[in-house]
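Undergrad: what follows is a predicted structure for the sequence shown.
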Amino acid sequence: MSILFHSTFINNKQWLRNIKKKFKGQKIYTFKDKPNYDKIDYAIVWNLPDKLFAKLKNLRAIFSLGAGVEHILNLPSYKDTPIVRLKDPALADRIFNHVLSQILNHQLKLEHYRKAQKAKVWQNELDTYLNNQIQVGILGAGFIGTIVGQYLQKLNYNVAGFKNTSVKKKNFFQIYSKNKLNDFIKTSDIIISILPSTANTTNFINKNFLRKMKKKSLLINVGRGTSINEKDLISHLKSNKNFYASLDVFKEEPLSKKHLLWNLKNVTITPHIAGVTVLDSAIEQMHNRWLKIVKTGKVKNDVNLEKGY
């Protein structure tokens with residue numbers, strides 16, 4: 001059985017070593033090996049170029065190395081090869097840690113104290129809110145969003161989820177459906193976007209969305225940069241100094257040095273670090289899914305091709 005590995009991760013060599021170790025006895029190739037592409041059964045990929053994907057005519061399944069699958073769906077040569085999604089609790093844990101750090105930074109006004117420290121000013125009279133006084137909205141209550149929401153609930157935050165499809169009520173304090181989006185926005189003190197990249201989510205957070213958010217609210221984006229209309233967000237941030245945004249993902253990455261977001265004081269920018277795939281955990285999960293496919297001879301597409309996720 002032959003497996004092709006390709007990614008644009010910085011630690012590619014370590015990924016390849018660990019995959020070969022876990023999939024012991026299987027033939028693991030990269031494109032540098034110039035394998036017989038017709039005999040490749042499975043591909044484990046991240047950001048695979050279309051010209052290379054087009055050579056893989058007989059794939060049984062393609063494993064995504066990240067939570068997102070648009071890097072596969074957007075390939076011109078892609079048709080309907082079954083995609084095995086990465087649904088890794090360890091990845092969700094990492095995203096939660098990032099989200100919580102941004103919530104606490106905003107909630108406890110830590111940026112103010114950093115500025116005070118720089119100016120050598122002792123000031124401790126700022127009001128802060130308790131967790132149970134804060135309403136957090138999870139925009140995109142899928143696998144990762146549900147875990148993030150559940151963790152926040154355990155810390156006594158009030159949590160609501162928004163999703164176009166149904167969500168089990170036990171996962172969240174309250175559920176908002178598509179026709180209740182305005183209520184979801186207006187009641188949230190903090191909105192965390194974990195939206196996937198699809199045609200329906202492109203520019204989902206635009207000027208109309210932002211105008212409905214509370215004046216002193218926080219927007220966190222750890223989903224996909226395409227979900228935010230960056231021009232609208234910049235305008236909103238400039239005209240609302242008490243509105244804050246924590247952005248980990250952008251429409252174009254790396255973010256251009258000339259981008260206006262760099263210069264705004266009410267923005268925190270991180271370089272797409274919130275959802276970095278956890279190597280060993282991801283490989284373990286992929287290996288288990290692969291074993292199941294080999295054992296049963298059955299493989300289904302984890303992605304709804306109509307919805308794009």
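TA: On my side now, so go ahead.

Undergrad: any buried residues in stretch 150-162, and which?
TA: 150-153, 157-162 (16 or more other CB atoms under 10 Å). Every C-beta, even on glycine, is put in place using the N, C-alpha and C of the backbone.

Undergrad: quick one: which of these is nearest to residue 223?
TA: residue 162 (12.3 Å; CB to CB).

Undergrad: show the backbone phi and psi for the closest one.
TA: The phi and psi torsions at residue 162 (degrees, to the nearest 10) take the values phi -130, psi 130.

Undergrad: tell me who's in contact with it.
TA: Listed by CB atoms under 8 Å, 6 or more residues apart in numbering, the contact set of residue 162 reads 137-141, 175-177, 181, 184.

Undergrad: which of those residues count as buried?
TA: 137-141, 175-176, 181, 184.

Undergrad: give me the subset of those residues lying in strands.
TA: The members of the buried ones among the contacts of residue 162 that map onto strands under DSSP state E are 137-139, 175-176.

Undergrad: point out where this structure drops to low pLDDT.
TA: Applying pLDDT under 70 to the chain flags residues 125, 166-171.

Undergrad: which stretches in it count as strands?
TA: Under DSSP E, the chain gives strands at 2-6, 27-29, 42-45, 61-64, 83-84, 135-139, 158-162, 174-176, 190-193, 218-221, 244-247, 267-269.

Undergrad: please report how far the spatially most central residue of the chain lies from residue 233.
TA: Most central in the chain under CA atoms, centre = their mean is residue 223, positioned 3.4 Å from the mean C-alpha point. Distance of residue 223 to residue 233, given as CB to CB, to the nearest Å: 14 Å.

Undergrad: one step back: out of the strands of the chain, nearest to residue 299?
TA: So among the strands of the chain, strand 61-64 is nearest, using CB to CB, at 4.8 Å.

Undergrad: now residue 238: closest residue in space that isn't a chain neighbour?
TA: In space, and not counting its chain neighbours, residue 238 is closest to residue 264: 7.1 Å by CB to CB, 6 or more residues apart in numbering.

Undergrad: look up how far residue 102 lies from that neighbour.
TA: For residue 264 relative to residue 102 (CB to CB), the value is 15 Å.

Undergrad: burial of residue 227, as a residue count?
TA: 25 (other CB atoms under 10 Å).

Undergrad: swap that for residue 292, sorry
TA: 12.

Undergrad: any chance you could map the helices in the protein?
TA: Along the chain, counting by DSSP state H, helices occupy 12-22, 50-53, 70-73, 89-107, 110-118, 143-154, 181-187, 207-212, 230-239, 279-296.

Undergrad: got a list of what residue 224 touches?
TA: By CB under 8 Å, 6+ apart, residue 224 lies in contact with 68, 70, 195-197, 201, 249.

Undergrad: closest one to residue 131 out of those residues, please.
TA: Taking CB to CB as the measure, residue 195 is the one of those closest to residue 131, at 24.4 Å.

Undergrad: got the domain ranges for this structure?
TA: Using automatic domain parsing, the domain ranges for the chain come out as 2-87+277-296, 89-269.

Undergrad: the residue lying closest to residue 273 once chain neighbours are set aside and residue 187, how far apart?
TA: Nearest non-adjacent residue to residue 273, counting by CB to CB, 6+ apart: residue 248, 6.5 Å away. Distance, residue 248 to residue 187, by CB to CB: 24 Å.

Undergrad: neighbour-wise, which of those two wins?
TA: residue 248 (22 against 15).

Undergrad: just checking, the more buried one touches residue 276?
TA: No. Counting by CB atoms under 8 Å, residue 248 does not reach residue 276; the two are 10.2 Å apart.
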